[in-house]
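Q: Just to be clear, the model below is a prediction. Sequence and coordinates:
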Amino acid sequence: MVEKYKFISNSLSMIVNRLAQSITAFVLTAAIARNLGAEAIGQYLLAYSYYFIFVGIASQGLKILFTRELACEPQKTSVYLMSGTCLQLIFSLLSYGALVIVVFLLPYSSKTSTLCYIMGLTIIPFALSNVTEAIFQAKEKMHLIAIATVPVYVLRLIIMIWAMHLKYGIESLGGILFCSETLILVIEWIIITQLVKIQWQIDKEFVWNTIKISRTFFAIEAIAVISSRIEILILSLLGNEFLVGLFGAILQLLQPFLIIANSITVAMFPRLSKVVDQGREKQQQITESFIEILLTMGLPLFIGLLFFGKDLLIFIYDSSFAQASLALSISAMSLLLLPFTRTLCSLLVANHFEIVNLRELVITTTLGSLGGVALVSRYQLVGAAIMALLMTIIAFSQYVYFTYTLLFPLNLWRVIRRPVIISTLMLFVFLILKTINLDFLFTLIIAIFSYILFVIFLSIHVLGGIHIVRKKIVKMMKF
């Protein structure tokens, strides 16, 4: 029972953290669109993409490794904190240097390049905070991450919007991002000093062994982050920054689902790592339940975007973004497969099959990039959307195949049954809303409210009825 409540608490904490990050990014994108235009969005998202790629290369591999190892060996926390931070600092400095060289060599405008250099500095504080967050995750104290980050995200958004109203340029937003991530790092270190007895020494043997062990993780994350941003990079080189802005607007509309999916899988990962020794049946039960949860969100969202994607683009941004509606519909198809890829990726790493993830990323990125160059050069924005969907399909096929051959088969009917029920109910709601043609804000509110009601009613039914749910709530409150 304690484990169950701890998991719920951790999941909610990560969801709050990721939602705050997603919502503030969403609002910021809309604010840039309305104040500075689509080209400015393109410049900001391109700079953020380079930052995201190089910070992922520098830090995400270590974060996953540290989380997995500390979940099994919590007594080594102090060693991981100090020596891991030292190692992470070296990698982040090398990564920033690589970013500067790459951007300098590519044919971007001086304004775009300057923004990339400024925003790239954020690699250092963000990478260092990944070490402390790995410790919080391994100790299953994810609420501390939310405490350190969420207020800063909100404050950052306010300052950025204020800066735009004062007519500061897009470069100032990069500087604000760097300062905010530095503040998060300071807060997390203040918190972690209350949890860990710090030993102010560097274990050179640990550093060297970590480099050797983490090579696969670094390769996986390096290819993964490049794969996640490859459409924007190709668009920036074969198209222009205006198209990058349109495609970035599409990605922002999908971000709420992606943030929730990432939060749930991050919270799930320590639990999966711990039950590896308890047999495949337990792992299968956890895996299928999480795929079902993510499909319950992804499938109705996909249907909703098919009906109202164009209206949503105009509502959030402005009428110039309506031309991205077809690309949005194509990109939204990935919502049907992402619940599988995100969950199965974590499952394979928990079982020490990270080499499979590396193989998948190499194949997906290679085939997707080759196809993407042809698609983007011919179809521009729509080509980028097709490229993103193609890469998702390739990844999905590989993850399902290796899960079946190395671990266990998935019970697909058990996974999709309830998501299909909720999506069918939402389909009727969307048809009615499309027919009566209300103001879009009212349409959005009614759709969200209907979805929440359907999920609540189905959850109550699954748990055994209203009386059983009431008893569980009372029992939880007493606990």
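A: Done, it's in.
Q: Show me where the stretch 101-250 of the chain has its helices.
A: 110-120, 123-138, 143-165, 170-192, 204-213, 215-238, 241-274 (DSSP state H, counting those that start in this stretch).
Q: Let me know which of those is tucked in deepest.
A: helix 123-138 (a mean of 25; mean count of other Cβ atoms under 10 Å). Any C-beta I mention is one placed from the backbone N, CA and C, and that applies to glycine too.
Q: That one versus helix 170-192: what angle between them?
A: Interaxial angle, helix 123-138 versus helix 170-192 (axes from the mean of the first three to the mean of the last three Cα atoms, to 10 degrees): 40 degrees.
Q: Would you mind pulling up the elements that helix 123-138 packs against?
A: Contact here means 3 or more Cβ pairs under 8 Å, 6 or more residues apart in numbering; DSSP states H and E; on that basis helix 123-138 packs against helix 38-55, helix 61-72, helix 77-105, helix 143-165, helix 170-192, helix 241-274.
Q: Save those helices as a markdown table, and put in mean pLDDT and distance to Leu458 too.
A: Below are the helices and strands packed on helix 123-138 laid out as a markdown table (pLDDT from 0 to 100; distance: least, Cβ to Cβ, whole Å):
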| stretch | mean pLDDT | distance to Leu458 |
| --- | --- | --- |
| helix 38-55 | 88 | 36 |
| helix 61-72 | 71 | 32 |
| helix 77-105 | 87 | 41 |
| helix 143-165 | 90 | 28 |
| helix 170-192 | 92 | 37 |
| helix 241-274 | 80 | 18 |
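Q: Export those helices to a markdown table and append columns for distance to Ala388.
A: Below are those laid out as a markdown table (distance: least, Cβ to Cβ, whole Å):
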| stretch | distance to Ala388 |
| --- | --- |
| helix 38-55 | 13 |
| helix 61-72 | 23 |
| helix 77-105 | 22 |
| helix 143-165 | 26 |
| helix 170-192 | 25 |
| helix 241-274 | 9 |
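Q: for those helices, which one sits closest to Ser227?
A: Checking the helices and strands packed on helix 123-138 against Ser227 by Cβ to Cβ gives helix 38-55 as the closest, at 9.8 Å.
Q: thinking again about what came up before, how about the helices and strands packed on helix 123-138, which one is nearest Asn130?
A: Proximity to Asn130 (Cβ to Cβ) singles out helix 61-72 among these, at 4.4 Å.
Q: what angle sits between that closest one and helix 215-238?
A: Helix 61-72 runs at 150 degrees relative to helix 215-238, counting by the same axes, to 10 degrees.
Q: tell me which residues of helix 61-72 are tucked away?
A: Gly61, Leu62, Lys63, Ile64, Leu65, Phe66, Thr67, Arg68, Glu69, Leu70, Ala71 (16 or more other Cβ atoms under 10 Å).
Q: Tell me the one of these nearest Leu358?
A: Distances from Leu358 to these, taken by Cβ to Cβ, are shortest for Gly61, at 10.6 Å.
Q: quick one on the thing from earlier: tell me the one among the buried residues of helix 61-72 nearest to Gln285.
A: Closest to Gln285 out of these is Ala71 (19.3 Å), distances taken as Cβ to Cβ.
Q: Can you give the contact residues for stretch 360-376?
A: With contact meaning Cβ atoms under 8 Å, 6 or more residues apart in numbering, stretch 360-376 is reached by 220, 223-224, 226-227, 230-231, 234-235, 238-239, 383-384, 386-387, 390-391, 394-395, 398-399, 402.
Q: what comes up buried for it?
A: Within stretch 360-376, the residues scored as buried using 16+ other Cβ under 10 Å are Glu360, Leu361, Thr364, Thr365, Gly368, Ser369, Gly371, Gly372, Val373, Leu375, Val376.
Q: what's the answer for stretch 436-448, then?
A: Thr443, Leu444, Ala447.
Q: What of stretch 304-317?
A: Gly304, Leu305, Phe307, Phe308, Gly309, Lys310, Asp311, Leu312, Leu313, Phe315, Ile316, Tyr317.
Q: Assess the claim that the first one and Ile448 are in contact.
A: By that I understand Gly304. No. Contact criterion Cβ atoms under 8 Å: Gly304 and Ile448 do not qualify, at 9.4 Å.
Q: List the contacts of Asp318.
A: Counted by Cβ under 8 Å, 6+ apart, Asp318 has contacts Ala33, Arg34.
Q: From what I see, Ser423 and Met297 are in contact.
A: No. With contacts counted by Cβ under 8 Å, Ser423 stays clear of Met297, the gap being 10.3 Å.
Q: Touching both of these two, which residues are there?
A: With Cβ under 8 Å, 6+ apart, Ser423 and Met297 have no common neighbours.
Q: I'd like to know how many residues surround Phe428.
A: Residues near Phe428, counting by other Cβ atoms under 10 Å, number 10.
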